[in-house]
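**Student:** Below is the sequence, then the predicted model.
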Amino acid sequence: MKESQRYLQGNTGNWELVVGLEVHAQVISDAKLFSGAATAFGAPPNTQVSLVDAAMPGMLPVINRQCIYQVVRTGLALGAEVNLESVFDRKNYFYPDLPQGYQISQYAKPIVGKGEIIVDLEDGTSRRIAITRIHLEQDAGKSLHDQHPTKTFVDLNRSGVALMEIVSEPDMRSAEEAGAYVRKLRSILRHIKTCDGNMEQGSMRCDVNVSVRRPGEPYGTRCEIKNLNSVRFLMRAIQCESARQIEVIENGGRVIQETRLFDPDRVETRLMRSKEEAHDYRYFPDPDLLPVRLEAEWVAQLKAELPELPNEKRARFVQQYGLTLADAGVLVAEPDRADFFESLAEGRDPKHAANWVVGELLGKLNKTGVELFSAKISAIQLGELIDLIHDDKISGRIAKQVFDEMFETGKDAVRIVEERGLAQVSDEGELDQHIDQILNSNSDKVAEYKAGKEKLFGFFVGQVMKATNGKANPKLVNRLLRGRLSN
Amino acid sequence: MAAEESLIGLSIAEMRDGMRLGEFTAVDLAEAHIAAAESVRELGAYILETPERALEMAAASDARRSKNQIGTLEGIPLAIKDLFCTKGVGTTAASRILDGFVPSYESSVTTNLWRAGAVMTGKANMDEFAMGSSNMTSYFGHVQNPWRRVGDNQPVTPGGSSGGSAALVAANVVPGATGTDTGGSIRQPAAFCGVVGMKPTYGRCSRWGIIAFASSLDQAGPVTRTVRDAAILLRAMAGHDAKDSTSVDVAVPDYEAELSGDMRGLRVGIPKEYRVDGMPSEIEELWLEGADWLRRSGAEIIDISLPHTQYALPTYYIIAPAEASSNLARYDGVKYGLRIADDDLQVQYEKTRGAGFGAEVKRRIMIGTYVLSAGYYDAYYLRAQRVRSLIADDFNQAFEKVDVILTPTTPHQAFLLGEKLEDPVAMYLNDVFTVPSSLAGLPAISVPSGLSDNSLPLGLQLIAPAFREPTLFSVATSLESCAGFVSRPTIVAKKT
Amino acid sequence: MALKKEIVAQIAKLARLEVDESDLDLMCSELSQILAWVEQLEEVDIGSVPPMTSVIEMDLKFREDVVTDGNQADDVIANAPERDHHFFVVPKVIE
């Protein structure tokens, strides 16, 4: 990165931004971390609540094997140390959506230790961001503040759902890096299916620590911005907060360590009132649980069974399919995208397939805001479309029209081509008729061409295409025209 | 019903035999014990009597018996300490903060009891949240010990926290009751009330559905009038429970088959550290006598040392309040129980908890909060857990030399109701002999063994290695028969 | 160790316990007395003894990932002091 881009410009000189992230990722499991209630999103209030989740007197936690399995796999995918003994602690504080009055979390002995994520930036460079630790903990319930003028409503459906808290070192130096980190992390979690990464539904949320300092100086005082639920908001929040801190310092003030919230409407951060009081969480080992002990062989087995990770897949795509690093990077960012591509490339020109996915399909998804998994067009269908081009049944230009309709309706390419009569005209007799007519009505241009103005050839091709509504086989048109014009 | 014989005062084993022989029915027993409760209400030993439920359960029991479906506690009336959640029956932990709480679930231990055929007569009074050694801290009033000192009629404490359970059993209101023991809460009231109280190995009984005080110490156990009954009752209460991560997956033996009382070759340890300063001579004498009984029954008496004994109480009074401060955070006026409403949530929390908890509970929450707070954790809680390891290790070493340890249950006889309240530490010293085995998770039993100079009951305690309950019951049987404790309290249920 | 009144008030706040100003002095002296008494643990030579992590030596058992519970919203809120439909209700919280 260029020197000028590394720093933020203040009124009094350059500032370096320092960012660390805590990502809360909901573990994919059917039941909750310590109870048998379901984890599905969007159920009616308090229907996915066991007596354990509601902290009824005398209720006790029993851990879900799948959650341990998932967090260990996540650690392995981030190249992290898995701790064979870890401990659940209680984090004590009062809040209405925390029914026990404590959250079961891991403090002194988390299940996963140091790891790293290699983050790819838009300029083609990459950075290593160190992971400090990953621990398992319970999610809280949901407080609804907008249902009543003077009351808060509490729904405990989320209470007790397993979260992985993935904590990074303060290794990021720009909002872009932080955004790329979260996208890469999400891509990895989706590849190994430990978190669905769906930020809108809250299954991935970020708390970000932001500070600024003069280049080369020690870290400045940081502020934590909580509950960011999209990459865009994360990046905006970092930008606003760093600008705020620079302004505070440049105006002679001091940054105060505090917890803030990002207001996306006003594009600013503000003090979080409920966190004003200094917390003393009084962590201690949960006496209802015992230390979690894992077998080294089991961990080794999980490691061996990990699926291909995004970086490995990208390298394979470059090598196996001859794709550019950039295209391969786009394709592996989401596992279903990579799978779509691979099934499309099967038996076809891979570069052609990659162009269709990266150029057309992703462009369309972006524009319409549709997710690939809910798109109406399948890889098989898109493959049939590509085959039609390859077999000279339709032209590339027509293919794009057909694709648009396939995307909208989910119909097969062949059917659309038939219904709309888009099949390529390769009948020499029919084309000859069109050519006769065009040459007759443009005899002046024919003369000019024959006198040496060869670029008029394109004009004649265009006229034939126009007369056939673009369906004429371009290669055939070329051959026939050359024959006729050379006489 | 056998008209001549009263059904009040029979042991569980005798009731079992009587019903087997068709001498009386479960409904007869239920009716007799409902009446018994009414006759001694002044003891304050029940928070809630459940006569309708008792009759209903007894009728169902008789119906099962007629189909030859007979559980190990078929038709036996039992009182349940009000710390056990009982489905559809108010459960309070003797606290205002749970006044009116009705669980939609049944604790695992009581589920086991009902499955074995037992009949619930009511919910026994106790110290609030099981915190106390006097039964003076209950929101529902104190419990009186059915015993009186000779020559005066002042009410005596039944001990605590399972004081209601012990008083009910002592006064013949029920043949047995459940208790819970965190630092002596079964054994100390059993000793004060002249009954048998047993705390099994930690993990032996499920804690699921028992309102938590200190999770790493809480254990349910039986309170009965005989050692045999304790064995019968524990067998029904115990068992592995997948809903409690600290429940142990070890088969439950038929304890009743282990009551041989054969002491030959058995090694009994006498820990010198239990000879504490200022211990009344009557306690010391009873202890020596107990050792002598066992020796004469064929046991070998061995002096042992448990060097960290004196640190057990301070260790306990860090760990138990720390766990309690967190366990009791859920009583916040949001989901159940008391709420003192306020527009400000924080004020509502403080008012609700301030009004809902009694003085002793608040004191322990404060201590627990303090010892866990930033900057103090290492010095208090972590250090206490290290000392706890040392205390457990003392026992491990001792049990290389002996099979069982004999000690007094309490350092003195039952005190008067209201005594010692002004000095919390003096009150805590009640548990000096019961707390070490609680910290180590070991099974222990208190057996009524004699009377004090002014005729209050005294107990001797036996402590065994983890899961050696059979040894404990066997030695307790021997102690029981040697002691021949037949005295009855001043106040007992009227025979009908 | 003798606790200051402000510390006791702070602990009460942390524990969400309302304590009357008039009771603070008594609470202060009681807690100080208890703490002074438990502080005798300082004289124990703990060397490198590990803290106790489980009372009885055993491994944590894992539950299978199966939905076995829920769909009891009526029971969940049955004892709530204030409820609306199936929500718990508290005074408004400002984040």
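**Tutor:** Perfect, I can see it now.

**Student:** Residue 290: what secondary structure?
**Tutor:** I went with chain A, as the question did not name one. Secondary structure, DSSP: H, G, I helix; E, B strand; the rest coil: residue A:290 is coil.

**Student:** meant chain B, my bad for not saying
**Tutor:** Going by three-state DSSP, the secondary structure assigned to residue B:290 is helix.

**Student:** Show the pLDDT at it.
**Tutor:** Looking at residue B:290, its pLDDT reads 98.

**Student:** Not counting its neighbours along the chain, what's nearest it?
**Tutor:** residue B:460 (4.5 Å; C-beta to C-beta, 6 or more residues apart in numbering or on different chains). For glycine as for every other residue, the C-beta is placed from the backbone atoms N, C-alpha and C.

**Student:** pLDDT score for that neighbour?
**Tutor:** Residue B:460 is assigned a predicted lDDT (pLDDT) of 98.

**Student:** So it belongs to a helix, correct?
**Tutor:** No: Residue B:460 is assigned strand when assessed by three-state DSSP, not a helix.

**Student:** Quick check: the gap between it and residue A:36.
**Tutor:** Residue B:460 sits 45 Å away from residue A:36, taking C-beta to C-beta, to the nearest Å as the criterion.

**Student:** Pull out the buried residues from the lengthiest strand in chain C.
**Tutor:** As assigned by DSSP state E, the longest strand anywhere in chain C is strand C:87-91. For strand C:87-91, the neighbour count (16 or more other C-beta atoms under 10 Å in any protein chain shown) marks C:87-91 as buried.

**Student:** Settle it for me: which of residue B:460 and residue A:36 has more neighbours?
**Tutor:** Using other C-beta atoms under 10 Å in any protein chain shown as the criterion, residue B:460 and residue A:36 rank with residue B:460 on top: 28 against 21.

**Student:** Tell me the spacing between the more buried one and residue B:269.
**Tutor:** 13 Å.

**Student:** what touches both of those two?
**Tutor:** residue B:406 (C-beta atoms under 8 Å, 6 or more residues apart in numbering or on different chains).

**Student:** For the one helix or strand residue A:247 maps to, buried residues please.
**Tutor:** Using DSSP states H and E, residue A:247 maps to helix A:231-250. For helix A:231-250, a neighbour-count test (16+ other C-beta under 10 Å) marks A:231, A:233-246, A:249 as buried.

**Student:** Work out the gap between that helix and the centre of the chain.
**Tutor:** Put simply, helix A:231-250 sits 23 Å off its chain's centre (C-alpha atoms, centre = their mean, to the nearest Å).

**Student:** close to chain C, is it?
**Tutor:** No: using C-beta under 8 Å from any C-beta of the partner chain, helix A:231-250 stays clear of chain C, with a minimum separation of 15.4 Å.

**Student:** So, low pLDDT: which residues of the chain?
**Tutor:** Using chain A here. A:1-5, A:274-278, A:487 (pLDDT under 70).

**Student:** Please refer instead to chain C.
**Tutor:** For chain C (pLDDT under 70), the answer is C:1.

**Student:** Report the secondary structure state of the residue of it at minimum distance from chain B.
**Tutor:** Proximity of chain C to chain B (C-beta to the nearest C-beta) peaks at residue C:18, 2.9 Å away. Here residue C:18 is recorded as coil under three-state DSSP.

**Student:** Can you tell me how far it is from residue B:334?
**Tutor:** Distance, residue C:18 to residue B:334, by C-beta to C-beta: 16 Å.

**Student:** Looking at these two, which one has more neighbours?
**Tutor:** Legend: neighbour count by other C-beta under 10 Å for residue C:18 and residue B:334, higher for residue B:334 (28 against 17).

**Student:** Domain map for chain A?
**Tutor:** As given by automatic domain parsing, the domain ranges for chain A are A:3-299, A:306-420, A:428-485.

**Student:** Nearest residue to the spatially most central residue of chain A in space, ignoring adjacent ones along the chain?
**Tutor:** Closest residue to the average C-alpha location of chain A: residue A:183 at 5.1 Å, with C-alpha atoms, centre = their mean. Spatial nearest neighbour of residue A:183, excluding adjacent residues (C-beta to C-beta, 6+ apart): residue A:231 at 6.1 Å.

**Student:** where along chain C do the strands fall?
**Tutor:** For chain C, the strands defined by DSSP E cover C:83-84, C:87-91.

**Student:** Residue A:119 is nearest to which of these?
**Tutor:** Across those, residue A:119 has its closest neighbour in strand C:87-91 (41.1 Å, C-beta to C-beta).

**Student:** which residue does chain A bring closest to chain B?
**Tutor:** Counting by C-beta to the nearest C-beta, chain A gets nearest chain B through residue A:101, at 2.4 Å.

**Student:** Need the CA coordinates for stretch B:366-379. PDB is fine.
**Tutor:** The C-alpha trace of stretch B:366-379 is given here as PDB (Å, rounded to 0.1, in the frame of the first residue of the first chain):
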ATOM      1  CA  MET B 366     -22.400  -9.400  49.200                       C
ATOM      2  CA  ILE B 367     -19.500 -11.600  50.300                       C
ATOM      3  CA  GLY B 368     -19.700 -13.600  47.200                       C
ATOM      4  CA  THR B 369     -19.800 -10.500  45.000                       C
ATOM      5  CA  TYR B 370     -16.900  -9.000  46.800                       C
ATOM      6  CA  VAL B 371     -14.600 -12.100  46.600                       C
ATOM      7  CA  LEU B 372     -15.200 -12.500  42.900                       C
ATOM      8  CA  SER B 373     -14.800  -8.800  42.000                       C
ATOM      9  CA  ALA B 374     -12.000  -7.500  40.000                       C
ATOM     10  CA  GLY B 375      -8.700  -7.500  41.900                       C
ATOM     11  CA  TYR B 376      -9.900  -9.800  44.600                       C
ATOM     12  CA  TYR B 377     -10.500 -13.000  42.700                       C
ATOM     13  CA  ASP B 378      -7.000 -14.500  43.000                       C
ATOM     14  CA  ALA B 379      -6.700 -13.600  46.700                       C
END
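
**Student:** What are the buried residues along that stretch?
**Tutor:** Going by 16+ other C-beta under 10 Å, stretch B:366-379 has these buried residues: B:366-373, B:376-377.
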